[in-house]
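*Asks:* dropping the sequence and predicted coords here.
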Amino acid sequence: MNPLFERFNLQGQVAVITGGGRGIGEGIALDFAQAGAKVAVAARRTAEIESVAEKVRSIGGQAIAVTTDVTDSEAVERLAAKTIEAFGKLTTWVNNAGGSAARMPLTELPRSEWDKTIDLNLTAVYVGCMTAVAHMEKGSIINISSGAGFSPVPGSAHYGAAKAAVNSLTWTLSAELAPHIRVNAVAPGAIPTEIMLKALNKDETQLDELLSEWNIPLGRLGTPEDIGSACVYLASEAASWVSGEIIRVGGGAKPR
């Protein structure tokens, strides 16, 4: 194999992808598999993760589907255990599960929605990181952040606050876990997943409108594969001197 290609090859790696049943998580799982990694696809909806695992197998990869609620610490521990039982080790953990469809001024947001959002988008990331560290001798943790963590987000302050905290967690863990475990994040831009469209009160017929509103310099909306490619890089030897970074993948648009 070409030495350059070898640096991006994930052969021998075993990756957990949370929120892997659709959207960005599915894209990450498929890209990891195509790069040679064995993958554990985790989410709450069993049928969806089994479908993604089957897609991985159909392209010659190896995958298991593990039904997991990432807000349940015991379930996350079982996810790690089942991954190691199936594949013998754990080298990469992608904290992708998250999101919030609620959109309203913070002064109107119910406390229950705040707690729910922090639990899913921050505490679950912390739990995922700690679980990975407990089972990983050397490897990579990748947190999926958001442009919402970098700038004002009227209507989504709860989500933005959680993602800003994920950024901070990423930076600190990258220092504390070095040199054996690298910790980075990817901040997606406008990718029309189901949960994003719901939060913006739009549907598939309004993608041109969304593209115009976001004023994306590269002229198109993002895809799950755009995020998957960034994650493959961060998990690979090509990024062996990269840690504590938050890579913005947003078509050139300013974070929002």
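*Replies:* Okay, I see it.

*Asks:* which parts of stretch 149-168 are buried?
*Replies:* Neighbour counts over stretch 149-168 (16 or more other C-beta atoms under 10 Å) mark 149-150, 153, 155-167 as buried. In this view, the C-beta of every residue, glycine as well, is placed from N, C-alpha and C.

*Asks:* how about stretch 65-75?
*Replies:* Residues of stretch 65-75 classed as buried: 65, 66, 67, 68, 69, 70, 73, 75 (neighbour count, 16+ other C-beta under 10 Å).

*Asks:* re the thing from before, which one of the buried residues of stretch 149-168 is nearest to residue 174?
*Replies:* When the buried residues of stretch 149-168 are compared for distance to residue 174 (C-beta to C-beta), residue 167 wins out at 10.9 Å.

*Asks:* from the chain's centre, how far out does stretch 176-194 sit?
*Replies:* Centroid separation between stretch 176-194 and its chain, computed with C-alpha atoms, centre = their mean, to the nearest Å, is 7 Å.

*Asks:* can you get me the start-to-end distance on it?
*Replies:* End-to-end distance of stretch 176-194 (C-alpha to C-alpha, to the nearest Å): 35 Å.

*Asks:* mind listing what's buried in that stretch?
*Replies:* Neighbour-count burial for stretch 176-194, counted by 16+ other C-beta under 10 Å, picks out 177, 181-193.

*Asks:* mark which of these are part of strands, please.
*Replies:* 181, 182, 183, 184, 185, 186, 187, 188 (DSSP state E).

*Asks:* can you put those in JSON lines and add pLDDT and distance to residue 252?
*Replies:* Formatted as JSON lines, these follow (pLDDT from 0 to 100; distance: C-beta to C-beta, whole Å):
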{"residue": "181", "pLDDT": "98", "distance to residue 252": "31"}
{"residue": "182", "pLDDT": "98", "distance to residue 252": "26"}
{"residue": "183", "pLDDT": "98", "distance to residue 252": "26"}
{"residue": "184", "pLDDT": "98", "distance to residue 252": "20"}
{"residue": "185", "pLDDT": "98", "distance to residue 252": "19"}
{"residue": "186", "pLDDT": "98", "distance to residue 252": "16"}
{"residue": "187", "pLDDT": "96", "distance to residue 252": "13"}
{"residue": "188", "pLDDT": "94", "distance to residue 252": "13"}
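
*Asks:* so of those residues, which two are at opposite extremes in space?
*Replies:* So, those by C-beta to C-beta: farthest apart are 181 and 188, at 22.9 Å.

*Asks:* and residue 223, how far from residue 248?
*Replies:* Separation of residue 223 from residue 248 (C-beta to C-beta, to the nearest Å): 16 Å.
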